[in-house]
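Asks: The following block contains a protein sequence and its predicted model.
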Amino acid sequence: MTIRHIYRNGGFCALLLIVLTACGPVEQEAAAPPAARVSVVTLAPITLELSEDLPARVLPFQVAEIRPQVSGIVQRRLFEQGTDVSAG
């Protein structure tokens with residue numbers, strides 16, 4: 001026997017083995033699982049008011065101190081608290 005005959009016979013045996021394996025018994029299909037239990041919920045849109053109460057402290061980013069540039073006691077103020085002040 002030559003090597004060519006061994007390969008030919010080996011290939012034929014492998015092909016025969018594959019064909020015989022494919023012709024095996026047919027597997028039965030698995031039974032279907034029972035139906036799942038479900039529930040139904042009906043949704044309706046509603047208006048929802050969102051609010052947040054956050055603890056915080058409000059601080060100004062700049063503080064201006066108004067001091068007299070003269071010695072003595074300030075007798076009157078010529079501006080209102082919280083208004084813009086201009087020269088003159």
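Replies: Cool, got the structure.
Asks: what about the chain, any weak spots by pLDDT?
Replies: Residues of the chain meeting the criterion pLDDT under 70: 1, 22-30.
Asks: Show the residue spans covered by the helices in it.
Replies: Taking DSSP state H as the criterion, the chain carries its helices at 3-22.
Asks: residue closest to the middle of it?
Replies: L50 (21.4 Å; Cα atoms, centre = their mean).
Asks: Please report phi then psi for that one.
Replies: Backbone torsions of L50, given as degrees, to the nearest 10, read phi -100, psi 130.
Asks: OK, contacts around it?
Replies: Neighbour list for L50: empty [criterion: Cβ atoms under 8 Å, 6 or more residues apart in numbering]. To be clear about C-beta, it is placed using only N, CA and C from the backbone, and glycine gets the same treatment.
Asks: Report the buried residues of stretch 9-26.
Replies: The neighbour-count check on stretch 9-26 (16 or more other Cβ atoms under 10 Å) flags nothing as buried.
Asks: Output it as PDB, restricted to C-alpha atoms.
Replies: C-alpha atoms of stretch 9-26 as PDB (Å, rounded to 0.1, in the frame of the first residue of the first chain):
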ATOM      1  CA  ASN A   9      -9.100   5.100   2.300                       C
ATOM      2  CA  GLY A  10      -8.800   7.500   5.300                       C
ATOM      3  CA  GLY A  11     -10.800  10.200   3.500                       C
ATOM      4  CA  PHE A  12     -13.400   7.700   2.500                       C
ATOM      5  CA  CYS A  13     -13.800   6.500   6.100                       C
ATOM      6  CA  ALA A  14     -14.000  10.000   7.400                       C
ATOM      7  CA  LEU A  15     -16.700  10.800   4.800                       C
ATOM      8  CA  LEU A  16     -18.600   7.600   5.700                       C
ATOM      9  CA  LEU A  17     -18.400   8.500   9.400                       C
ATOM     10  CA  ILE A  18     -19.800  12.000   8.800                       C
ATOM     11  CA  VAL A  19     -22.700  10.600   6.700                       C
ATOM     12  CA  LEU A  20     -23.600   8.000   9.200                       C
ATOM     13  CA  THR A  21     -23.500  10.500  12.100                       C
ATOM     14  CA  ALA A  22     -25.800  12.800  10.200                       C
ATOM     15  CA  CYS A  23     -28.300  10.000   9.700                       C
ATOM     16  CA  GLY A  24     -28.600   9.400  13.500                       C
ATOM     17  CA  PRO A  25     -31.900   9.300  15.300                       C
ATOM     18  CA  VAL A  26     -34.100  12.500  15.100                       C
END
